[in-house]
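Asker: Coordinates only, no sequence provided:
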C-alpha cells in the first residue's frame, strides 16, 4: 500500500515508516501540512496517517482540506496525543475513519491499516468462515463456538458477521444501524448499545474466546482480536 | 398593619384650630345657657379665650418643628429594593439581557415591534394573563401592562441545562404592576398630616433597618462591628457559626476576648492588633484559623461623621478552599520535583554511563531504560487523567450503562490478569443506566481492577459484582490479596499518597490512581468505600445514582 504520513517529529516518523516498510508498505513522510496536502492531492496514495499537532496548521484542518478537495474518500487514521474522548470525537467529526493513541504500537497500527484496507476489497463470500473459536456458515446463517451451535436471531447473525468481517475497524453506531437495522434515521442510541451488550454476553465475545469489543463511547465499537 | 386610610393632606395648624373651635363653641353654648349671668361669666371669659389661644400657639410651634424633622426623614434615600413590577418594560428587557444573555429577544408595545433579535411577534403564544410567563421550549413570553399600555417581552434562552431553572426563576418574578388601588375612603377618624408623616417615617425607618440587617446577615463574609473600646456591638450569623458562640453572648463582649479565646496562637497578641486599629486608625489584614478552617481577617477603623463616634469594622472571609487549592498546588510541585524527575534522572545517568562504554550495551540495559521511561510515561498519564477528571462537569454527561462499562474494563485488564492466572469473575445481569462520562468511569474501574490484580497472589480470583440497590448502581470489586493496613485506610484516596507496601513490592504508581477514582466518582455524585481485612482481601464498593428512567 502507498501511505502518506503527516508527522513533524522525526523519530516518530522514522519509527512508523520502518514498521510499515517491514510489512511491505510504501510510506512517504511529511513534516508540514502544506507539503502533505500538496502530495496527497497530486499523487495517488491508498491511505493517510495524520498527526494532531504540526507546526503550520492542525491535523484536523489538513484532513478537512483533503476531504473537500480529493474526489474519493481516502481512508484516514488520526494519531491522537491521548485516548481522550474529545480528541477522538473531533477527529471522527472531521472525517477520520479511525484513530490511534500515541505512541502507536506496531501491532495496533498494522491492525488498523489492515482493517481499513479490507474495506476496499472485502473478503470473498466463502461458505465457512473461521474467526478464532467461532465458525460462521454464511449459507445456513448459523454460527458455532468451539463446535457448539449458538442460537442467533437474524439481526444477531447479521451484526456478528458484520463485526467479524470488519475486525479492527471502528464501526460507528450510525453505520451499524444502517447496515444491520436498515435504518438511517436517528433512533434511540440505547437500542444499539443495549443490543451490543446482549450480543457480546450471549456469544461470549470476550478475551476468553480471543476477542474484545472496544467501545468508543458515544461513537461506536471495534471488534479486536486478542493476540 | 396598613395605614393608607390617612387623609391626603391637612394643614399643620388644623389641630390647634380644632381645639380652639371646640373650646370657643362650648363657651358660646355656656353663654346661651346662662344668658342672664353675663357679668359673672365675663370674669371667666378671659381665661376661657386666652388659654386655648396660648395652647394653640404653642402647639403650632411644636408642630412646625416636628414637621421639619419628619420632612427631613422623608427625604432620606430609602434603602430597599425597588420592585421589578414598577420598572418600565424596556428597562426590564435591558436587565434580562444583561442577566441572562439570551440568544434572542423581543419587545413590543401595543402590538408594535420596538426591538427584536432572532424572534418575531408571530411566534408569540396567546398571553391571556398579564404578568404570567408562557414558556415554549427555548422561548419565554410575557405580557405586561403599564399605564394601560400593553407590552410583550419575548426571550429565547440558551438550550442548556440551566434553561429550566431560569424559566422557573422568571415565573416566580412579579413583573406586572399591581392592580389599581381603590380610591381613598374618607377616614372616619380625622387624621392629621403629621400623624401620617410619623407613620410613614417610622415605616421607612423599619424598612431600612430590616434591609440593613438582612444585608448584613446574608453577607458572604462574617462581619463584626465594635465601638471605640473594641466591644462588639454587632455581629452577623457567620460569626456565630464560625466562632461557635451564641449571639447573645457575642454582643457586649470585647473583640479581643473573642479572638484570644478561639485563635490564641496568632503572630501578634490580639489586644495589640485591635488597640492599634483603634488608636492609630490603621487597617490590618491577618490570617486566622478557627476550628480547623482558614480565614482571612481584615480590620478597618471607621468614624461616624455626625458625632465623631468611632470603632472597628471587621470582615472575616472563609478561604479554606483557596488554601486547600494552594496546598494541592504545592503537593503537585513536590510530586513533579521528586517522582517525575527521579526516573528521568536515572535514565540520563544510565545513558551517560552507556555512552562512556558503548561496548557494554546489552538487552538488560535497554530493558532498564525502557522500564524507567515507562514509569515516567505512566506518571505523566496518571497526572493528565486526574486533571481531566477534575475538569469533568455535568453538562458533558450523557447516558451510559454501568454493566457494559464494567465489561469493557474487565476485558481491558484480562491479559494482565491472565499473566498471573487470576480469574476475573463478573457477576451482574441488569443494565444500569446512568448519566455520566463512560470513558472516565471505565478508566476508574480499570484502575480498581488493576490494583486488585496487582495485589492479588497468583491463581486468585477477583470478583466483580454489578447490582442495583434502590436508586443506586453499585459495583463491588473484591480481591483476595493481603489487605490494606488499617492505619493506611484513611489516606488511601489522598493525592500523591503512596502505599508503603507498593514501594516495598516495587510496583509503581504515585497514588494518583485511587485519587482519580475518587474524583470521578464524586463528579458523578456517587460514593466510594473500602473495606479491608489483613490477609483476607480488600473490597472497593462504588455507588452511583441511576438516571431517572423517564428522562
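Answerer: It's in. Bear in mind that the values here come from a model prediction, so they are computed numbers and not experimental data.

Asker: Mind listing the residues bridging to the residue in chain A sticking out farthest from the centre?
Answerer: Within chain A, residue A:148 marks the point farthest from the mean C-alpha position, 29.7 Å out by C-alpha atoms, centre = their mean. As for beta bridges, residue A:148 partners with residue A:145 under DSSP bridges.

Asker: From chain B, how far out is it?
Answerer: 21 Å (C-beta to the nearest C-beta, to the nearest Å). Every residue, glycine included, has its C-beta placed from N, CA and C.

Asker: Could you check how many residues crowd around whatever residue of the stretch 251-400 of chain B ends up closest to chain A?
Answerer: Going by C-beta to the nearest C-beta, chain A is nearest to residue B:398 of the stretch 251-400 of chain B, at 6.0 Å. Per other C-beta atoms under 10 Å in any protein chain shown, the neighbour tally for residue B:398 reads 12.

Asker: For it, which non-adjacent residue is closest in space?
Answerer: With C-beta to C-beta, 6 or more residues apart in numbering or on different chains as the criterion, residue B:398 has its nearest non-adjacent residue at 6.0 Å, and that residue is residue A:218.

Asker: Next, the one you found: secondary structure please.
Answerer: coil (DSSP: H, G, I helix; E, B strand; the rest coil).

Asker: quick one: low-confidence parts of chain A?
Answerer: A:82-83, A:119-125, A:183-187 (pLDDT under 70).

Asker: hmm, 80 instead?
Answerer: For chain A, applying pLDDT under 80 flags the ranges A:80-87, A:103, A:117-126, A:178-191, A:227.

Asker: What's the separation between the residue most central in space within it and residue B:73?
Answerer: The centre of chain A sits closest to residue A:169, judged by C-alpha atoms, centre = their mean, with a distance of 2.6 Å. Look at residue A:169 and residue B:73: by C-beta to C-beta, to the nearest Å, they are 83 Å apart.

Asker: got it, and residue B:433?
Answerer: 64 Å.

Asker: Between the two, which is the more surrounded one?
Answerer: More crowded of residue B:433 and residue B:73, by other C-beta under 10 Å: residue B:433, with 20 against 15.

Asker: give the contact list for that one.
Answerer: A:190, B:399-402, B:546-547, B:549 (C-beta atoms under 8 Å, 6 or more residues apart in numbering or on different chains).

Asker: partners of it in the sheet?
Answerer: Per DSSP bridges, the residues bridged to residue B:433 are residue B:401.

Asker: how far away is it from residue B:389?
Answerer: Applying C-beta to C-beta, the value for residue B:433 to residue B:389 is 21 Å.

Asker: And for residue B:129?
Answerer: In terms of C-beta to C-beta, residue B:129 sits 48 Å off from residue B:389.

Asker: If you count surrounding residues, which of those two has more?
Answerer: residue B:389 (22 against 10).

Asker: So that one belongs to a helix, correct?
Answerer: Yes: looking at residue B:389 with three-state DSSP, it is inside a helix.

Asker: so who does the nearest residue to it once chain neighbours are set aside touch?
Answerer: Spatial nearest neighbour of residue B:389, excluding adjacent residues (C-beta to C-beta, 6+ apart): residue B:519 at 4.2 Å. Contacts for residue B:519 (C-beta under 8 Å, 6+ apart) come out as B:386, B:389-390, B:392.

Asker: Of those, which is the nearest to residue B:120?
Answerer: residue B:392 (39.3 Å; C-beta to C-beta).

Asker: May I ask which helix or strand encompasses the closest one?
Answerer: For residue B:392, there is no enclosing helix or strand under DSSP states H and E.

Asker: separation between residue A:179 and residue A:172?
Answerer: 10 Å.

Asker: and what of residue B:530?
Answerer: 38 Å.

Asker: domain assignment for chain A?
Answerer: Domain assignment of chain A by automatic domain parsing yields the ranges A:2-120, A:128-225.

Asker: Mind listing what's buried along the longest helix belonging to chain B?
Answerer: Identified as the longest helix of chain B according to DSSP state H is helix B:38-75. Residues B:48, B:52, B:56, B:59, B:63, B:70 are the ones in helix B:38-75 that count as buried (16 or more other C-beta atoms under 10 Å in any protein chain shown).

Asker: near chain A too, which of those residues?
Answerer: With respect to chain A, and counting by C-beta under 8 Å from any C-beta of the partner chain, no part of the buried residues of helix B:38-75 is in contact.

Asker: out of those residues, which one sits closest to residue A:132?
Answerer: residue B:70 (96.8 Å).

Asker: Tell me the confidence at the closest one?
Answerer: Looking at residue B:70, its pLDDT reads 75.

Asker: Same question for residue B:542.
Answerer: In this model, residue B:542 carries a pLDDT of 95.

Asker: what's around residue 130, how many residues?
Answerer: I went with chain A, as the question did not name one. 10.

Asker: try chain B instead
Answerer: 16.

Asker: How about the contacts made by it?
Answerer: B:143-145, B:150, B:176.

Asker: Am I right that it is in a helix?
Answerer: No: assessed with three-state DSSP, residue B:130 is coil; it does not lie in a helix.

Asker: nearest residue to residue 171 other than its sequence neighbours?
Answerer: Because you didn't say which chain, this covers chain A. Looking at residue A:171 with C-beta to C-beta, 6+ apart, the closest residue is residue A:220, at 5.0 Å.

Asker: looking at chain B here, not the other one
Answerer: In space, residue B:171 is closest to residue B:133, 5.0 Å off (C-beta to C-beta, 6+ apart).

Asker: these two touch, right, the one you found and residue B:167?
Answerer: Yes: between residue B:133 and residue B:167 there is a contact at 7.2 Å, judged by C-beta atoms under 8 Å.

Asker: which residues are in contact with both of the two?
Answerer: residue B:140.

Asker: From the contact counts, what lies against the longest helix of chain B?
Answerer: helix B:14-33, helix B:193-217 (3 or more C-beta pairs under 8 Å, 6 or more residues apart in numbering or on different chains; DSSP states H and E).

Asker: Select from those helices the stretch with the lowest mean pLDDT.
Answerer: When those are ranked by mean pLDDT, helix B:14-33 comes last with a mean of 71.

Asker: I'd say the residue nearest to residue A:171 and residue A:169 touch.
Answerer: No: assessed by C-beta under 8 Å, residue A:220 is found out of contact with residue A:169, at 9.6 Å.

Asker: domains of chain B?
Answerer: As assigned by automatic domain parsing, chain B contains the domains B:1-82+B:180-211, B:84-172, B:219-318, B:319-390, B:392-551.

Asker: distance between the shortest one and the chain's centre?
Answerer: To tie it back to what came earlier, the one meant is domain B:319-390. Computed by C-alpha atoms, centre = their mean, to the nearest Å, the chain-centroid distance of domain B:319-390 equals 40 Å.
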